[in-house]
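**Q** have a look; sequence and predicted model below, questions after that.
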Amino acid sequence: MDSCCHENKCIQCTVQQCKNHSSGGNYCSLECITVGTHEGNPTVDQCTDCKSFELRR
């Protein structure tokens, strides 16, 4: 099965540029994701990143 078509309803996502974005809706197609930060002391949601992001080509 192509992972781009699977909808993991536990992981909502609106980043359509990601290879893992479900083609069926605003969900991730991965079973789990890794969330990280690019800040030393994150205080707002903009400081967090989806480390599972892969650019759709």
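**A** Looks like it arrived, so ask away.
**Q** quick check: buried residues in stretch 38-53?
**A** 50, 52-53 (16 or more other C-beta atoms under 10 Å). For the C-beta atoms, the positions are set from N, CA and C on the backbone; glycine is no exception.
**Q** same deal with stretch 18-29?
**A** For stretch 18-29, the neighbour count (16+ other C-beta under 10 Å) marks 18, 20-22, 27-29 as buried.
**Q** just flag the most distant two among those.
**A** Among those, the pair separated by the greatest distance (C-beta to C-beta) is C18 and Y27, at 11.1 Å.
**Q** pLDDT (mean, whole number) over the lengthiest strand in the chain?
**A** The longest strand of the chain (DSSP state E) is strand 8-12. Across strand 8-12, the average pLDDT comes to 97.
**Q** which helices and strands does it pack with?
**A** strand 27-28 (3 or more C-beta pairs under 8 Å, 6 or more residues apart in numbering; DSSP states H and E).
**Q** list the contacts of the strand it packs on.
**A** 7-9, 11-13, 18, 20-22, 52 (C-beta atoms under 8 Å, 6 or more residues apart in numbering).
**Q** distance of E39 from V15?
**A** E39 sits 19 Å away from V15, taking C-beta to C-beta, to the nearest Å as the criterion.
**Q** no, scratch that, I was asking about C50
**A** Separation of C50 from V15 (C-beta to C-beta): 7 Å.
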